[in-house]
Structure formats: C-alpha cells, structure tokens
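K.L.:
Predicted model follows, preceded by the sequence.
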Amino acid sequence: MIKKRRSYGAWMLVSACIVISIVVFYYKHRYQPVTTDVIIKLDWSQKPEELTLMSEVVDHLTVRIKGHKYIVEPLLSQERVYPIDFSHPQTGTIYLPVDPHRFQFPEGVDIQKIVPNALTFKMEKIIEREVPVRLTVSGSPAETCVLSEIYLKPGLILFNGPENSIKDVQEIFTRELSLDGTHESFSKELPLEIDESLIPYVSVRIVRVDVTLNEKIQTQEYKNIVVRGKNTRFRYKIRPSTVDLTFEGRMKAIGQLKAQAINVYVDLKGLKPGVYARRVKIEVPGNVSLTDVRPEVFTVTIFKSYQ
C-alpha cells in the first residue's frame, strides 16, 4: 500500500513538471519580445495629374518594430501600403517626413526605426505649349526651276511636360533639306532636331514637307517682226511695217519659240480703198504670254488697184 502511494506521488510530480514546462514554453513562445523589419510599399498614385515627378523615388519603407512574438509574426505576412500625402500639392524640391501614425500597427508594437524617415523628391507643374517648326534648307533648284512653295505638316508641334523643361523652347528645327539640283516637285519626311531630354514631351518627331517647284518664267523680246495684211484683193501698205513683241513664259517654251513662227497680221477683210488705223493680230505657237506690243496701232493704206 505504501509503495502504491509513493508511485502515485511520483507520477503526479512528473506530470506537474511537464505541465509547468509546457506553460513556460508556450508563454515564452507567445510573449517573448522580438525585433524585426517590416517592408511597407509606398503608393505614389495619388499624385495630382497636373504635376509630375522629376526625380527618382523610393518604392518602399523599411520599418523596424518590436513587440510580443504573437503580435509581430502575423505582421510579416501582411502587405502594408503607405499612401504618399499629396493633399497640399506644391512644386520644387519637397521634403516630406514619414508619419508613423499612418502605419496603423496594432497595440503593443513599438516602432524602433524607419528607413528612410523622410521622403525627398522634386515635382514640377505640367504645361502644354505649341512650338513652330522651322525648316532648314540648303542648295538651290535646277536653273530651269524656281521654288514656289514649301509646306510643312504639322507646322506646330505640341509639347506636354514639366514647365521648367519646355518653357524656354521657342522653335524646333528640322533636319536639313537639300534642294540642290532638284527639277520637280516632291514630298519627303524629315525628322526633327530635338534634344534628347525633350523627346518624352513632344507629340511627333517627324514632319512631312511638300516642296512645289515651277519652271522658271523668262521674258524674251522679238524685234522687227514683219506685219502682213490678210483677206483683201487690193494692194495695201502698212506703216510701220514691223513690230516689236515681248513674250513671257516658262524657260522651255520661250527657248522653243522662234521668230519665224510668229505670225503678225492685220485683217483687211471688207475694207475698201482708203486709209485706216488698225491693231495687229498675233498668232504664236506654244504656251507663252504676250506682254508688250510696240507700236500698238498701225496705219493701213488700201489702194484701188488689185494685187
């Protein structure tokens, strides 16, 4: 009987030790203070649309926290976001301290350190500007041609970007266009000469240029062209007997026009013998324009005798 009581007492003692060990282990595991780092993402999405970031920014904060293990450990699997406060938008270099109260950690968590503890970044106002395009031209067309028109499309380039970056841009030039020896109209695409720092803010980087060339207009004078009479059986006399003519036209047409091909006459149809003042009629081949006739009026004498 005595042995049974001793065995029971020993068993109770061992059991008590085991329970106490479990309680101590659980207590230490649950309530042991730990220190660890928590990564918190930074949310920049609330930035006002009329402002733009001009510097590189960090995308997360590293926050060192301390607390009981049972409180801290669940925080490591939770995704936390820290929205950047843009409630008071401003431009220039901005120094924004990190507000630890916005982390919303549960009670019992102490913040030991925040890296970085403040955000420094630069912001500028976004503006739009239309800037004229200037064409850079070199050389001259062929001698037979003259430049009539150059049309750029678009003639204005839209810039949309930070104010300090584009406010001083007054004009944009194209790559050089050579007209050397050209003899006909043409169209071509030309890249713009844009500083690399401005490329992200420009609407287009290539413009179209339409060049219109016309054949050069030339003036040519023909002297002492004989004036003849037509449509009469009577003898006649025309004074003066020659005329000086000036024509204007494209170089090729003027070059092909010969004096022998110019027909100058007075129409005597229906005129009876007598003296008349008449203007000449002029027939000329080719696409040319008559610009001057000297003299303009001629004296025509018609005799009673026949030719």
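P.N.:
Nice, thanks for sending it over.
K.L.:
which stretches of the stretch 1-150 of the chain form strands?
P.N.:
Secondary structure of the stretch 1-150 of the chain by DSSP state E, counting those that start in this stretch: the strands cover 33-43, 51-53, 60-68, 80-83, 92-97, 110-115, 118-134, 137-138, 145-153.
K.L.:
Mean neighbour count and mean pLDDT added to these, as a markdown table?
P.N.:
For every residue, glycine as well, the C-beta is placed using N, CA and C. A markdown table is the format used below for the strands of the stretch 1-150 of the chain (neighbours: other CB atoms under 10 Å; pLDDT from 0 to 100):
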| stretch | mean neighbour count | mean pLDDT |
| --- | --- | --- |
| strand 33-43 | 14 | 91 |
| strand 51-53 | 16 | 88 |
| strand 60-68 | 17 | 92 |
| strand 80-83 | 14 | 92 |
| strand 92-97 | 11 | 91 |
| strand 110-115 | 13 | 93 |
| strand 118-134 | 15 | 92 |
| strand 137-138 | 12 | 92 |
| strand 145-153 | 14 | 91 |
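K.L.:
who wins for proximity to F234 among those?
P.N.:
Proximity to F234 (CB to CB) singles out strand 145-153 among the strands of the stretch 1-150 of the chain, at 49.6 Å.
K.L.:
Let's have the strands of the stretch 1-150 of the chain in TSV, adding distance to V288.
P.N.:
Converted to TSV, those look like this (distance: least, CB to CB, whole Å):
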stretch	distance to V288
strand 33-43	78
strand 51-53	63
strand 60-68	82
strand 80-83	80
strand 92-97	70
strand 110-115	87
strand 118-134	38
strand 137-138	31
strand 145-153	17
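K.L.:
Nearest residue to the residue sitting nearest the centre point of the chain in space, please, no chain neighbours.
P.N.:
Nearest to the geometric centre of the chain sits V204, at 2.8 Å (CA atoms, centre = their mean). Spatial nearest neighbour of V204, chain neighbours left out: I157 (6.3 Å); criterion: CB to CB, 6 or more residues apart in numbering.
K.L.:
The one you found belongs to a strand?
P.N.:
Yes: I157 sits within a strand when classified using DSSP: H, G, I helix; E, B strand; the rest coil.
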